[in-house]
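Asker: model the structure of this input:
(one chain, ligands or ions: 1)
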Amino acid sequence: KTVDVAVVGATGAVGETMLSILAERNFPVGKVYALASERSAGKKVAFGNSFLTVEDLATFDFSKVQVGLFSPGGAISREFAPKAAAAGCVVIDNTSEFRYDDDVPLIVPEVNAHAIAGYTQRNIIANPNCSTIQMLVALKPIYDAVGIERINVATYQAVSGSGKEAIEELATQSARKLNGQDADAVVYPKQIAFNALPQIDVFQDNGYTKEEMKMVWETKKIFEDESILVNPTAVRVPVFFGHSEAVHIETRDKITAEQAWELFKNAEGIEVLDTRRDGGYPTAVTEGAGHDPVYVGRIREDISHERGLNLWVVADNVRKGAALNSVQIAECLVRDYL
Ligand code: 2RA
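Answerer: Numbers count the residues shown, from 1 in each chain. As a prediction, the model looks like this:
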């Protein structure tokens, strides 16, 4: 069985990666349409060994496709996802626009694929935030085995999470600074080259940023557990691709590092890199960029808490954090529901 697919936001970092992953994974596409703004219509984007001509989203007839992979920015999804859904296209949306609606499933296939069944309510499925996805893929086996009462997490997020302009800003700013020149901070509030910014997205009244609160809200929804306590600090670092996270959890029942290691080794979507030797852990540059698994290392019992466990979690934020997770949701949808 094949399905016709539209990729919305096809010229963006995530949209381009969605197209390449659809081709890489031999997704059963009949026709695939690359959609973007009128300004981008006519451009060519790669799809496997061929090219697609970008079409104008505003005039596209969504009754022509069964699945829409959206990553066009929140405002565009807000306007066009309901229209596509009404035309019979099942929308898998990568923006935060619909994630917190009770009648929209929020899916990490390795964690809660069963919840995809709820897509029939609005014909919309939401893709979680990249920093949430990699953390919950890593925590799922622990959560199922011994329960998790509390999560403290500090993230070290690549600039590609902010899109192509941010990638360009890091490169240009770094070169200018190395040349002793000034470099304006445009995408970010402050210089990102050779720096670390403890702000991703806007500040909330409680002093957390929206990126941090997304990790709180989405963890509770995806684990279907309103009691779990989540305390994030999200930091932007001068890395191009790959988010890293220092995760400290308090489990309900005691688990040793060895027991956790075994759970990770046998868990879907996880690769363990943890030798306790020089370089024996995953990093954004080596394992993060361009890879699909969620990598787990630095597994160790918390010396300050009897049921504490510490992890270092790395994943490609554009692939598993957005495009791949969306395509995996589409694969489950086509296999089990369409
Ligand atoms: C970021 N998680 O990293 C956000 C959106 N991709 O900027």
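
Asker: find the closest residue to the ligand in the stretch 151-300 of the chain.
Answerer: Going by CB to the nearest ligand atom, the ligand is nearest to G161 of the stretch 151-300 of the chain, at 2.1 Å. C-beta coordinates here come from the backbone N, C-alpha and C atoms, glycine included.

Asker: pretty sure that residue contacts C130?
Answerer: Yes: if you go by CB atoms under 8 Å, G161 and C130 touch, sitting 6.1 Å apart.

Asker: show me the common contact partners of those two, please.
Answerer: 243, 317-318, 321 (CB atoms under 8 Å, 6 or more residues apart in numbering).

Asker: most widely separated two among the residues you listed?
Answerer: H243 and V318 (9.6 Å; CB to CB).

Asker: okay, and the common contacts of these two?
Answerer: 130, 161.

Asker: any chance you could map the helices in the stretch 201-338 of the chain?
Answerer: Secondary structure of the stretch 201-338 of the chain (DSSP state H, counting those that start in this stretch): helices located at 210-222, 257-265, 324-336.

Asker: next to the ligand, which bits of the stretch 201-338 of the chain? Give me the list.
Answerer: 211, 317 (CB under 6 Å from any ligand atom).

Asker: I'd guessed N195 sits against P189; true?
Answerer: No: judged on CB under 8 Å, N195 makes no contact with P189 at a distance of 11.0 Å.

Asker: who has more neighbours out of these two?
Answerer: Shown here are N195 and P189; by other CB atoms under 10 Å, N195 has more neighbours (14 against 10).

Asker: and F27, what is it in contact with?
Answerer: 5, 21, 327, 330-331, 334.

Asker: pLDDT at it, what is it?
Answerer: Looking at F27, its pLDDT reads 94.

Asker: on the three-state scheme, it is what?
Answerer: In three-state terms, and counting by DSSP: H, G, I helix; E, B strand; the rest coil, F27 is coil.

Asker: try the one 4 residues further on
Answerer: When states are read from three-state DSSP, the local structure at K31 comes out as strand.

Asker: you'd agree it is up against V7?
Answerer: No: K31 is not in contact with V7 according to CB under 8 Å; the separation is 11.6 Å.

Asker: which one of these two has more residues nearby?
Answerer: Legend: neighbour count by other CB under 10 Å for K31 and V7, higher for V7 (33 against 12).

Asker: quick check: the more buried one is in a strand.
Answerer: Yes: under three-state DSSP, V7 sits within a strand.

Asker: if it is in a bridge, with which residues?
Answerer: V7 has these beta-bridge partners by DSSP bridges: A34, L69.

Asker: and it, how far from M18?
Answerer: 5 Å (CB to CB, to the nearest Å).

Asker: tell me, what's touching these two both at once?
Answerer: Contacts common to V7 and M18, judged by CB under 8 Å, 6+ apart, are L69.

Asker: and the stretch 51-200 of the chain, which residues reach the ligand?
Answerer: Residues of the stretch 51-200 of the chain lying near the ligand (CB under 6 Å from any ligand atom): 129-131, 157, 161-162, 200.

Asker: now pLDDT and secondary structure too, for the residues you listed, in a markdown table please.
Answerer: Formatted as a markdown table, those follow (pLDDT from 0 to 100; DSSP: H, G, I helix; E, B strand; the rest coil):
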| residue | pLDDT | secondary structure |
| --- | --- | --- |
| N129 | 98 | coil |
| C130 | 98 | helix |
| S131 | 98 | helix |
| Q157 | 98 | strand |
| G161 | 97 | helix |
| S162 | 97 | helix |
| I200 | 98 | coil |
